[in-house]
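> only geometry, no sequence info:
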């Protein structure tokens with residue numbers, strides 16, 4: 001018998017007896033899929049250990065509250081569109097007693113009562129669990145007040161995250177036209193618990209990486225999916241040695257990629273992270289190459305709105321003027337082809353504002369007249385997605401100076417979509433504009449954890465560097481910028497951040513080198529132009545960044561010859 005402090009997640013299938021009475025075979029099949037494809041892989045990926053399985057529920061222990069809550073939110077988000085299975089989930093941190101295959105104690109009792117209190121699809125936290133959160137996850141929960149639970153002597157303050165909306169695909173009301181990839185759960189013949197948990201964790205981590213890109217429709221499947229790429233992996237072991245054997249098949253069944261990655265159980269966690277990322281990126285590279293070849297052979301006239309959206313995302317990664325010009329052109333075409341296309345408006349508005357901040361006039365010029373129409377049409381659409389809400393908040397701030405509207409949009413976006421790389425990254429920039437680097441850095445860290453392979457990589461690095469400079473972390477900012485420059489030398493935020501960071505450090509040579517490149521990209525750049533271009537608030541944090549630019553040699557105002 002051992003006693004320890006840990007986070008406990010209690011989960012229960014809603015209406016299990018009713019579902020079994022209506023369709024026993026179908027319900028059992030759905031539960032098997034839930035267990036194999038989602039629940040246990042997600043728990044393992046977040047360092048959770050399933051300590052008790054009931055017919056319709058689980059108790060899972062986690063080393064930290066953050067791991068437990070991220071797992072809970074991921075589970076509910078992934079199940080939002082499931083027509084059969086709904087979960088209630090409660091999370092508490094407290095003392096528990098482990099005895100053989102069972103678990104007891106205050107932590108278990110409170111978590112179980114929180115789960116019972118939940119509505120279907122919700123996540124309920126105790127105040128102790130909520131107090132461990134911060135940054136991008138805290139806005140997801142609302143105060144549900146003090147509650148008195150059966151057999152719990154003290155009242156418990158409860159924080160609730162409502163059931164998420166069904167996941168919106170790139171097509172909203174039409175069939176999903178994105179390239180499809182089916183991930184089969186990683187299999188192993190090794191009966192050791194730690195190896196089987198590793199296989200579950202690899203499945204979840206690969207899936208998280210695949211889901212970080214909007215142009216791909218990736219799903220975990222027990223069986224291959226028609227008309228989809230199929231990614232399969234086998235985890236083989238011999239003693240402490242491991243080998244992951246991966247295959248990727250094209251929709252016609254042709255094997256187009258095989259890979260073998262060796263590791264050792266003593267380094268399982270680091271190996272898991274690196275291998276999952278390499279596997280997902282390898283598969284996405286091949287799928288993306290095929291999709292690029294298909295779209296490169298089409299004129300924009302022949303593309304569907306969904307094709308235009310995918311093409312725009314492919315052009316977003318470098319953030320130079322040429323790629324952003326193509327990006328906005330594709331998004332304008334997507335909106336024209338589908339006037340109700342929420343995701344098209346969301347990206348078009350956000351990226352137009354981003355181009356305004358970067359002073360990319362060549363990209364902006366064809367769309368100045370259309371932009372107000374995009375905003376008006378987007379505001380008229382019912383039930384805006386989190387990304388559209390954030391984009392419209394950006395508009396209200398950038399053109400009307402409405403800080404309250406931007407803050408409401410950020411809080412709404414983080415509450416409804418805390419695992420969307422794009423939403424979280426854009427919310428980080430919203431905080432930067434308002435001069436709040438600490439929540440901005442929380443957002444960029446959350447985005448980096450989620451992202452791994454996403455067009456938002458460059459903006460995330462730029463925003464992270466700005467937030468670090470505003471907090472005085474100059475070396476961290478420089479390292480972040482240099483990572484970005486390995487991909488693109490044209491992103492203005494990286495060079496301006498390097499000028500500021502080197503300026504604060506007194507490195508005149510480093511500042512001069514990147515100032516020269518900054519002015520080569522944008523000869524009209526100045527401190528005033530930067531401030532006005534993004535409406536940076538007059539706060540100590542933003543003034544600190546500007547002081548670094550001055551020390552690095554950037555002029556106050558541009559004066560043409």
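Looks like it came in fine. Computed from a prediction, not measured in an experiment: that's the story for all the values here.
> list the residue ranges of the stretch 51-200 of the chain that fall below the pLDDT cut-off.
Scanning the stretch 51-200 of the chain with the threshold set as pLDDT under 70 gives 100-101, 134-136, 166-176.
> all the helices of it, residue numbers only.
For the stretch 51-200 of the chain, applying DSSP state H, counting those that start in this stretch gives helices covering 65-79, 106-117, 127-130, 193-210.
> which residues of the protein fall in strands?
2-13, 49-54, 57-62, 87-99, 102-104, 123-126, 142-147, 156-161, 180-183, 217-220, 229-238, 241-249, 255-264 (DSSP state E).
> point out the most buried one among those.
strand 123-126 (a mean of 29; mean count of other CB atoms under 10 Å). In this view, the C-beta of every residue, glycine as well, is placed from N, C-alpha and C.
> quick revisit: would a markdown table of the helices of the stretch 51-200 of the chain with distance to residue 364 and mean neighbour count be doable?
Output for these, formatted as a markdown table (distance: least, CB to CB, whole Å; neighbours: other CB atoms under 10 Å):
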| stretch | distance to residue 364 | mean neighbour count |
| --- | --- | --- |
| helix 65-79 | 35 | 23 |
| helix 106-117 | 50 | 22 |
| helix 127-130 | 43 | 20 |
| helix 193-210 | 33 | 22 |
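> about what we covered before: in JSON lines, list the strands of the chain along with distance to residue 383.
As requested, the strands of the chain are exported to JSON lines (distance: least, CB to CB, whole Å):
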{"stretch": "strand 2-13", "distance to residue 383": "28"}
{"stretch": "strand 49-54", "distance to residue 383": "36"}
{"stretch": "strand 57-62", "distance to residue 383": "32"}
{"stretch": "strand 87-99", "distance to residue 383": "24"}
{"stretch": "strand 102-104", "distance to residue 383": "41"}
{"stretch": "strand 123-126", "distance to residue 383": "22"}
{"stretch": "strand 142-147", "distance to residue 383": "19"}
{"stretch": "strand 156-161", "distance to residue 383": "19"}
{"stretch": "strand 180-183", "distance to residue 383": "26"}
{"stretch": "strand 217-220", "distance to residue 383": "21"}
{"stretch": "strand 229-238", "distance to residue 383": "32"}
{"stretch": "strand 241-249", "distance to residue 383": "37"}
{"stretch": "strand 255-264", "distance to residue 383": "39"}
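> so which of these gets nearest residue 327?
strand 217-220 (20.9 Å; CB to CB).
> for this structure, which spans come out with low pLDDT?
For the chain, the ranges with pLDDT under 70 are 1, 100-101, 134-136, 166-176, 214, 317-318, 449-455, 561.
> spatially central residue for it, please.
residue 421 (2.8 Å; CA atoms, centre = their mean).
> state the number of residues packed around residue 191.
Neighbours of residue 191 under the rule other CB atoms under 10 Å: 7.
> re earlier: in this structure the residue nearest to the centre of the chain contacts residue 447, no?
Yes - assessed by CB atoms under 8 Å, residue 421 is found in contact with residue 447 at 5.4 Å.
> tell me the domain boundaries of this protein?
For the chain, automatic domain parsing gives the domain ranges 2-161, 180-296, 299-391, 456-561.
> got those domains as a markdown table, with distance to residue 441 columns?
Formatted as a markdown table, the domains of the chain follow (distance: least, CB to CB, whole Å):
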| stretch | distance to residue 441 |
| --- | --- |
| domain 2-161 | 8 |
| domain 180-296 | 19 |
| domain 299-391 | 18 |
| domain 456-561 | 4 |
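> picking that back up, dump the helices of the stretch 51-200 of the chain to TSV, plus distance to residue 88.
Converted to TSV, those look like this (distance: least, CB to CB, whole Å):
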stretch	distance to residue 88
helix 65-79	9
helix 106-117	5
helix 127-130	15
helix 193-210	21
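> of those, which is nearest residue 279?
Between residue 279 and the helices of the stretch 51-200 of the chain, the tightest spacing by CB to CB is seen for helix 193-210, at 5.4 Å.
> for the closest one, packing partners?
Packed against helix 193-210 by the contact rule (3 or more CB pairs under 8 Å, 6 or more residues apart in numbering; DSSP states H and E) you find helix 40-45, strand 180-183, strand 217-220, strand 229-238, strand 241-249, helix 268-296.
> among these, which comes closest to residue 208?
helix 40-45 (7.1 Å).
> now that closest one, how far from the centre of its chain.
Centroid separation for helix 40-45 versus its chain: 17 Å, with CA atoms, centre = their mean, to the nearest Å.
> thinking again about what came up before, what's the closest of the helices of the stretch 51-200 of the chain to residue 271?
helix 193-210 (8.8 Å).
> next up, the contacts around residue 106.
94, 95, 96 (CB atoms under 8 Å, 6 or more residues apart in numbering).
> now tabulate the residues you listed in JSON lines and tack on distance to residue 467.
Listed next are the contacts of residue 106 as JSON lines, based on distance: CB to CB, whole Å:
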{"residue": "94", "distance to residue 467": "34"}
{"residue": "95", "distance to residue 467": "37"}
{"residue": "96", "distance to residue 467": "37"}
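> looking at those, spot the one nearest residue 493.
Each of these was checked against residue 493 using CB to CB; the closest is residue 94, at 43.9 Å.
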